[in-house]
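# turn this into a structure:
(chains A and B)
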2 protein chains.
Amino acid sequence: MSKISVLKFGGTSVKNIGRIHHVADVIARRSNQKCLVVVSAMGDTTDHLYSLAKQCATFPDKRELDLLLSTGEQVSIALLALTLRERGVKAKSYTGAQIGIATDNAHSTARITDICRDTLRAALEENDVVVVAGFQGLSEAGEVTTLGRGGSDTTAVALAAACGADTCDIYTDVDGIYTTDPNKISDAQILNSICYEEVLEMARVGAQVIHPRAVELAKEYGLQVRVRNTFKPDHPGTIINGGSNVERIRKVSGVAVDGNQAHVTFTRVPLEFPFMGTTIDCLSRENISVDMVSQNIDLASRTKCVSLAIKYEDVDHAIVCLNELKRLCGAGELTVDTEVAKVSVIGSGLGNSHETSATLLGILEDHGLYVKLFYCGESRISCLIPQASANHATALLHREFKLNECYTAPLEFVLTA
Amino acid sequence: MSKISVLKFGGTSVKNIGRIHHVADVIARRSNQKCLVVVSAMGDTTDHLYSLAKQCATFPDKRELDLLLSTGEQVSIALLALTLRERGVKAKSYTGAQIGIATDNAHSTARITDICRDTLRAALEENDVVVVAGFQGLSEAGEVTTLGRGGSDTTAVALAAACGADTCDIYTDVDGIYTTDPNKISDAQILNSICYEEVLEMARVGAQVIHPRAVELAKEYGLQVRVRNTFKPDHPGTIINGGSNVERIRKVSGVAVDGNQAHVTFTRVPLEFPFMGTTIDCLSRENISVDMVSQNIDLASRTKCVSLAIKYEDVDHAIVCLNELKRLCGAGELTVDTEVAKVSVIGSGLGNSHETSATLLGILEDHGLYVKLFYCGESRISCLIPQASANHATALLHREFKLNECYTAPLEFVLTA
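Numbering: from 1, shown residues only, chains lettered A, B, ... in the order given. Sure thing, here's the model as predicted:
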């Protein structure tokens, strides 16, 4: 197949008819190339449909739910194709099933297992713009499935890989990926590029612009993803790639804050009880993830104190498990502090840089910010600190790692489309 | 297949979630039988989707429009199936494509060409209630098609025929088919039965409860159709059948008024010009139907006067054609009167009953109501009269033909479901 542009437009980009006309403008700018366009449902359609389902059933059957939710994208693809055709563009819409997106049978969280390249090729030969419904596919059982939240990003990247495109443009309502939340830190900068691992780490600590599954898929296929603003089509946005072809001019790419955390502490646990392993095993079996944990041993009392960070929404569920553990080990006392935040610096290769950890901890200590838990991974260093200090800590780290002076390539360098 | 109940619920019956719960109640009453349930889109969803399409394109592409409009029914089937499942009913929803409704390729006005009996049988074996999207199918080209307005009635009757049911219940928001418009004539009665031809004639003159295509299909398969009120599930409604098994106790079944008419008159047409044939031929080629026409010849002036009744919405289009005819015959004068109404009495076999025509014309003349055009067909007699007299004429005819004393069978006689 000849060179193909793959563009994905999220729900805010097709929120109403006016925006659909705007999206048609953006697509029309690519008229020199065949386009494969993936769209989400209009605005909050998916939420609205889900709320209707919840009014019909307490636990809606997932097969029926998928058939219901998939209509959201079916509406937006038809409307976009109509709008493009009205402008004389040879466009046609395809549902996930129609374009040959095969998935497993896991309704509501289906994974794409295959894309029929013949169907895709025929569609691209027949039309200049192929408009595809994101978020959906057809299972082996012949049923309509959905890929779960963020599924449209995954659809776009999978289709880009299937048709041999080298870039997938994800159009959204922000200019790109920022060094930190621009609503909190005024001199936050747009990154002109970032590598897959960094984006995945950002998503893991709550800063999500593109769905992690899509990034993982792009990484697997070595596909470049660009995050761009639908309403500023001249803005180059942020390129997500393997990072190898971009000179690495900084260690840290961003600072993220996740205020949706809880600090759980278990004191006076008998020393001989294998508490840490048992806890993490028990919580992970309940799908509660723990990425920060510490243990202090008091040899005098032959007890230990274990503390860990979990997501705020998992607290109630975790307490049930932990009380069971408390019963098992026959002692201990549980406290939960929800007035905490996880502040993270993200950068590929940080795990090898003790210097960054030292700098980070030094700055926080110099300013009297108490670190409750500390984590250092391959591409991320995180600290659990009091929630009240989170913005202060973010500002300090953002400045210290010179993210407010973030290097931005000139427009003409990046804008190739 | 064992005995199957086929039920169809229109848009007003599934207008909101509350009504969907009510429809689930009505279905649950049939729990002793397998049910095949056809539903329309919720409330005015189809109109809403169509208006969105019109905001995208002046003449929306019909293939895209069908993909768009078909989502309306896909939403309502999923919600109804969810509601039924929540009550423990083994229910599953099917789009037209999923249940195997094959159509021709005529997007927006597709005709059902086949129904896959194996798919239908498997669905009915697997489930107690099979919920099917009305109004849609899958074309030979593999595209989603819609059957046009009233298509859900047609879906229901076609499925009833395919699964060997002997009755198809069309649930709507009225009690059944009335002798005349109850909003205009207070003693209008519900007919407990009526034959296919009479319903088709009623539809032809603007009194439509069930779509004529569905009635024609029911007639073809000898299938009994019942029009019932969703909100009065104990009311027997009106049975539509061949009429043979019901003792004929009245000649006239109803009186209908169609105020949406225009009276077109062409005077001083040269006698030798074959005006009437040419006119009807010319109008029918433009899809303008004419069912009442008269011609008066003036031998003295060697001219004739031709007058005909057409639908009000066809007037502008018809005038273009008629002016062309006027140019061709080189003379004549055209007048259009839109202050007219067509009052019709409907009854199977009326064409053989000169007595009824005589009675009808006698009553109108006795009351000084001037008849501009007259038509007598197999199952209908119509008069074009001044619009201002339409209600008076209807009341007179309704009383004269004793429709206010309409025979109604006792409930227990008719209610078999």
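
# now do the contacts for A:Gly349.
For A:Gly349, the contacting residues are A:251, A:378-379, by C-beta atoms under 8 Å, 6 or more residues apart in numbering or on different chains. Every C-beta, even on glycine, is put in place using the N, C-alpha and C of the backbone.

# and it, how far is that from A:Arg380?
11 Å (C-beta to C-beta, to the nearest Å).

# so is stretch A:76-92 next to chain B?
Yes. Legend: contact between stretch A:76-92 and chain B by C-beta under 8 Å from any C-beta of the partner chain is shown at A:77-83, A:85-86, A:92.

# among the contacts of A:Gly349, name the ones in helices.
Residues of those located in helices (DSSP state H): none.

# most neighbours, which of these?
When neighbours are taken as other C-beta atoms under 10 Å in any protein chain shown, the top entry among the contacts of A:Gly349 is A:Ser379 (22 neighbours).

# give the contact list for it.
A:197-198, A:200-201, A:346-351.

# same check, this time on A:Leu384
For A:Leu384, the contacting residues are A:261, A:263, A:292, A:309, A:340-342, A:371-374, by C-beta under 8 Å, 6+ apart.

# just the buried residues of these.
A:261, A:263, A:292, A:309, A:340-342, A:371-374 (16 or more other C-beta atoms under 10 Å in any protein chain shown).

# if we can go back for a sec, among the residues of stretch A:76-92 next to chain B, which lie within helices?
A:77-83, A:85-86.

# which of those lies closest to B:Gly176?
Nearest to B:Gly176, judged by C-beta to C-beta, of those is A:Ala78 at 37.0 Å.

# and the pLDDT for the closest one?
With respect to pLDDT, A:Ala78 scores 98.

# then A:Ala409?
What the model reports as pLDDT for A:Ala409 is 46.

# what's the longest strand in chain A?
The strand that spans the most residues within chain A, counting by DSSP state E, is strand A:254-270.

# report all helices and strands that it contacts.
helix A:196-204, helix A:275-285, strand A:303-311, helix A:315-329, strand A:333-346, helix A:390-400 (3 or more C-beta pairs under 8 Å, 6 or more residues apart in numbering or on different chains; DSSP states H and E).

# tilt between it and strand A:303-311?
150 degrees (axes from the mean of the first three to the mean of the last three C-alpha atoms, to 10 degrees).

# pLDDT of strand A:254-270, averaged?
In this model, strand A:254-270 carries a mean pLDDT of 92.

# where does the stretch 301-417 of chain A have low pLDDT?
Residue ranges of the stretch 301-417 of chain A with pLDDT under 70: A:406-417.

# ditto for the stretch 101-250 of chain A
Across the stretch 101-250 of chain A, the ranges flagged by pLDDT under 70 are A:244-250.

# what's the local residue count around the closest residue to chain B within the stretch 201-350 of chain A?
Using C-beta to the nearest C-beta, the closest approach of the stretch 201-350 of chain A to chain B is made by A:Thr230 at 17.1 Å. When neighbours are defined as other C-beta under 10 Å, A:Thr230 has 22 of them.

# tell me if I'm right that it and A:Val23 touch.
Yes. When contacts are counted by C-beta atoms under 8 Å, A:Thr230 is listed as touching A:Val23 (6.5 Å).

# pull up the overlap in contacts between the two.
A:9, A:13, A:171.

# scan those and report the most crowded one.
Tallying neighbours with other C-beta under 10 Å puts A:Phe9 at the head of these, with 28 neighbours.

# distance of it relative to A:Asp153?
From A:Phe9 to A:Asp153 the distance is 11 Å (C-beta to C-beta).
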